[in-house]
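*Asks:* what follows is a predicted protein model with its sequence.
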Amino acid sequence: MGFWRALLDLLWDYRTAFVVLAYIIVRVVVNRTKGVERYHMRAATTLLFGHAVSLFVAAGQAAGEYDTHIAETVAFAFELLLVVNLGITAAFRVLLPRVGFTLPRILVDLITAVGVVVVFVVVGKKAGFSVAGLITTSAVLTAVIGFSLQDTLGNVMGGLSVQLDKSVKVGDWITLGPGQPVGRVTEIRWRYTAIETRNWETVIIPNGTLVKSQVMILGQRLGEPQQWRRHIELFIDFRTPPNDVIRAIEEALRGDLPRNVAAEPAPQVIFFGVRDSFGVYAIRYWLTDLNVDDGTDSQVRVRAWYALRRAGIPLSIPASTVFLTHETVEREQRKEAEDMQERLTALASVDLFRGLPEALRKELAHELQYAPFGTGEAVTREGDRDDGLYMLVRGEATVRIGSGREAREVATLRPGQFFGEMSLMTGEARTATVVAATDLVTYRVTKDAFQRILKHTPEIADQIAEVLVQRRSALSAARDERDDTRRKRMQTAKQDLLGKIRGFFGINDAN
C-alpha cells in the first residue's frame, strides 16, 4: 500500500476533515468574541498538530508494512482531546456567556478534567487495557493516588464550595486576618484564589487554606453599597473646647466632600479624651473606592488642617518640646506690626476700602479674620446665607453658578479681588459658589466690623452700591439674561441696593 493511499484511508477513518472544519469554525468565533482567553485555541492547535503528525507516522508505517497500532492510538488520543477542547471552548466560553449564563471557572476546569479522564479511559480501552479496572483493582495504586492528591483534592473541593456558595467573589477585597495581606480577588481557580494588593503584588492562596481560615471581606454590608470605614487620628491642643474642634472639621468635610468619601453615612469626628498634653480625636469617614485608601486619607487630613487653621485651633505640641524664645516687648510689637501691615495691604488692594481714612482702615484691619482654604474647598456656596466678605490675598479661586450638570464656571478671582459683598451688604443669600482653585489665603470682613465703618462714613454706601450693581449685571450676563432685561434691572438696581444696605445696617438718611 502506498503512503498517500494509506494517509487518505486514515484521514477518512478518523474523520479528520470534520475535526479540522470544527477547529476552523471555533477559531473564527473565538477571534470575534471579546473576553475569551486565546490560550485555549493555542492548546487546540497543538492537539491538531499532534494528531496530524501521528497520522503521517501511521501512514509511513502502513506503507512499509509495519504495525500501526501505537501511532493510530496516539492519533486517536490527540483527536479526542481536541474534540473535548473545542466542545468546552464553544459551549462554556462562547455560547453560554452570550446568552447571559456563565459557569464558575472552576466548574469549567473540572468538566475539562473529567473529559480528559474519559478520553484516557477510552484510549486505554482501544489500546487493549482498562484504565478504570487498573485503578479499581489495585488497592496500592488507589492509596498512592489518594495520598498524593490529598491536598489537591482539598483545594479543588474548597474552590468549588467557595464558588457555589458565593461567599467570596471576584472583585471582593479580603484579608485572612491581622498581619495578613489585604487584596482584591482577581480569580478563583480549581487549586487557588489570587488576590492583588495595593502594592501591585499578587498573592496566591490555596483554596484549602481559604475555606479553613476566617476571611474578612472589606466594605460589605447586606443591602448597602460597597464602602469601608476609615479611622484617622488627630491630636489637638488640650485647651481647645472639643465642640469647637468637632464643629470646624465636620463642617469642612460634610459641606464639600473630598473625592471617594461617601455622603452617607456622613463623616464624623470623635473625641476620645485628653492624653498627656493633647486631646485625642478621630475622623471617621466611609471610603467608596477601596483601592485609594491612603490618597483619600491624605485629602481628608488636608481638609481638616485647613479647617483648623481657619478656626484658629492649634494642633498639639509634644510635651517634651521646649521653646527658648526670649519674649520681649520689642519682639511682640514687631510681630504685631508685621501682621497689621499685611492686613492694611490687603485692605488697600480692595477698591471699596481704599478711600477710607487711615484711622478707619486700621480699625477695620484689627477686625479682619484670617481664613485659609485648601485646593478644591468651597469658600462660599450659592444659596447659603452668610454675612462675610472675603478679600483674596494669595492664590486663585473660580466663580461658579448653577448646580449639578448645569453648573458653569463664569469667572476667576486673583489676589487683590474680593467676593461675598452682596451677602455682607444686604443680607441676601449667596448668588454664586466660589471654589479654591489653589491654596488660598483670605481675610474675612464680618457685618459687625463693617457696620462700625458705615456709621462713621455712610457715604461709602453709594460706592458700594455701584460695585454691587456691576457685579450683579455680570452674573446676569453669565446666566444669559436678555440685554433689555438687564438694562432695566440696572436702572433701578443701584437705588434698591442702596436702600437695602442702609436698612440692613440701620443707617438712615439723617446719618
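*Replies:* It's in.
*Asks:* how close does Phe101 sit to Ala411?
*Replies:* 55 Å (Cβ to Cβ, to the nearest Å). In short, each C-beta sits where N, CA and C put it, glycine included.
*Asks:* comparing those two, which residue is more hemmed in?
*Replies:* Counted by other Cβ atoms under 10 Å, Phe101 and Ala411 do not tie: Ala411 has more neighbours, with 17 against 9.
*Asks:* backbone dihedrals for the more buried one, both of them.
*Replies:* phi -160, psi 160 (degrees, to the nearest 10).
*Asks:* what about the residue lying closest to it once chain neighbours are set aside, which helix or strand?
*Replies:* Spatially, and ignoring its direct neighbours in sequence, Ala411 is nearest to Val399 (4.1 Å; Cβ to Cβ, 6 or more residues apart in numbering). Val399 belongs to strand 397-401 when assigned by DSSP states H and E.
*Asks:* check the offset of that strand from the chain's centre.
*Replies:* How far strand 397-401 lies from its chain's middle: 25 Å, per Cα atoms, centre = their mean, to the nearest Å.
*Asks:* and it, what does it pack onto?
*Replies:* Applying 3 or more Cβ pairs under 8 Å, 6 or more residues apart in numbering; DSSP states H and E, one finds that strand 397-401 contacts strand 408-413, strand 433-436.
*Asks:* put the alpha carbons of that strand into PDB.
*Replies:* Below are the C-alpha coordinates for strand 397-401, written out as PDB (Å, rounded to 0.1, in the frame of the first residue of the first chain):
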ATOM      1  CA  ALA A 397     -10.400  80.900  43.000                       C
ATOM      2  CA  THR A 398     -13.200  80.200  40.500                       C
ATOM      3  CA  VAL A 399     -16.700  81.500  40.500                       C
ATOM      4  CA  ARG A 400     -19.500  79.000  39.600                       C
ATOM      5  CA  ILE A 401     -23.200  79.400  39.100                       C
END
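*Asks:* in that strand, what's buried?
*Replies:* Of the residues in strand 397-401, 397, 399-401 count as buried by neighbour count, 16 or more other Cβ atoms under 10 Å.
*Asks:* doesn't Gly376 fall inside a helix?
*Replies:* No: applying DSSP: H, G, I helix; E, B strand; the rest coil, one finds Gly376 to be coil, outside a helix.
*Asks:* that one against Pro258, yeah?
*Replies:* Yes: using Cβ atoms under 8 Å, Gly376 is in contact with Pro258, at 7.5 Å.
*Asks:* looking at those two, which is more packed in?
*Replies:* Ranked by neighbour count (other Cβ under 10 Å), Gly376 and Pro258 place Pro258 first, with 21 against 16.
*Asks:* next, the residue positioned nearest the centre of the chain: secondary structure please.
*Replies:* Central residue of the chain (Cα atoms, centre = their mean): Asp289, 3.6 Å from the mean position. Secondary structure, three-state DSSP: Asp289 is coil.
*Asks:* next one: Met391
*Replies:* strand.
*Asks:* for it, list the residues it contacts.
*Replies:* Contacts for Met391 were tallied using Cβ atoms under 8 Å, 6 or more residues apart in numbering; they are 346-347, 349-350, 368, 418, 442-445.
*Asks:* with these in mind, which one is nearest to Lys335?
*Replies:* Leu368 (16.0 Å; Cβ to Cβ).
*Asks:* check which helix or strand covers Val379.
*Replies:* strand 378-380.
*Asks:* no no, Ile205
*Replies:* Per DSSP H and E: strand 202-206 holds Ile205.
*Asks:* what's the spacing between Lys362 and Thr112?
*Replies:* Here Lys362 is placed at a distance of 86 Å from Thr112 (Cβ to Cβ).
*Asks:* and the strand holding Val379, what's its mean pLDDT?
*Replies:* Across strand 378-380, pLDDT averages out at 90.
*Asks:* what does stretch 413-424 give?
*Replies:* For stretch 413-424, mean pLDDT is 83.
*Asks:* before we move on, what about stretch 184-202?
*Replies:* Mean predicted confidence for stretch 184-202 is 88.
*Asks:* how far off centre is that stretch?
*Replies:* With Cα atoms, centre = their mean, you get 19 Å for stretch 184-202.
*Asks:* what do you get for stretch 217-227?
*Replies:* Counting by Cα atoms, centre = their mean, stretch 217-227 comes out at 15 Å from the chain centroid.
*Asks:* one more: stretch 69-89?
*Replies:* The answer for stretch 69-89 is 49 Å, by Cα atoms, centre = their mean.
*Asks:* name the residues of it that are buried.
*Replies:* 71-86, 88-89.
*Asks:* next one: stretch 276-284
*Replies:* Buried residues in stretch 276-284 (16+ other Cβ under 10 Å): 278-281, 283.
*Asks:* how about residues contacting that stretch?
*Replies:* The set of residues external to stretch 276-284 that reach it, using Cβ under 8 Å, 6+ apart, is 229-238, 240, 242, 245-246, 249, 253, 267-274, 300-301, 304, 316-319.
*Asks:* and the pLDDT for the closest residue to Gln299 other than its chain neighbours?
*Replies:* Leaving out its chain neighbours, the residue that sits closest to Gln299 by Cβ to Cβ, 6+ apart is Pro258, at 4.2 Å. pLDDT recorded at Pro258 is 90.
*Asks:* so what's Pro258 up against?
*Replies:* By Cβ under 8 Å, 6+ apart, the neighbours of Pro258 are 296, 299-300, 303, 376.
*Asks:* among those residues, name the ones in helices.
*Replies:* Within the contacts of Pro258, residues falling in helices by DSSP state H are 296, 299-300, 303.
*Asks:* in JSON lines: these, plus distance to Lys166, pLDDT and neighbour count.
*Replies:* Below are the ones in helices among the contacts of Pro258 laid out as JSON lines (distance: Cβ to Cβ, whole Å; pLDDT from 0 to 100; neighbours: other Cβ atoms under 10 Å):
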{"residue": "Thr296", "distance to Lys166": "29", "pLDDT": "94", "neighbour count": "21"}
{"residue": "Gln299", "distance to Lys166": "34", "pLDDT": "94", "neighbour count": "19"}
{"residue": "Val300", "distance to Lys166": "33", "pLDDT": "95", "neighbour count": "24"}
{"residue": "Arg303", "distance to Lys166": "38", "pLDDT": "93", "neighbour count": "24"}
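*Asks:* quick one on the thing from earlier: in a strand, the residue nearest to Gln299, correct?
*Replies:* No: using three-state DSSP, the assignment for Pro258 is coil, not a strand.
*Asks:* in JSON lines: the contacts of Pro258, plus distance to Lys34.
*Replies:* Listed next are those as JSON lines, based on distance: Cβ to Cβ, whole Å:
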{"residue": "Thr296", "distance to Lys34": "33"}
{"residue": "Gln299", "distance to Lys34": "36"}
{"residue": "Val300", "distance to Lys34": "39"}
{"residue": "Arg303", "distance to Lys34": "42"}
{"residue": "Gly376", "distance to Lys34": "38"}
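*Asks:* and those, which two are furthest apart?
*Replies:* Of all the pairs that these form, the one spanning the most space (Cβ to Cβ) is Thr296 and Gly376, at 12.8 Å.
*Asks:* for this protein, what helix or strand is lowest in average pLDDT?
*Replies:* When the helices and strands of the chain are compared on mean pLDDT, DSSP states H and E, helix 139-148 comes out lowest with a mean of 53.
*Asks:* tell me which element Val269 is part of?
*Replies:* Going by DSSP H and E, Val269 is part of strand 268-275.
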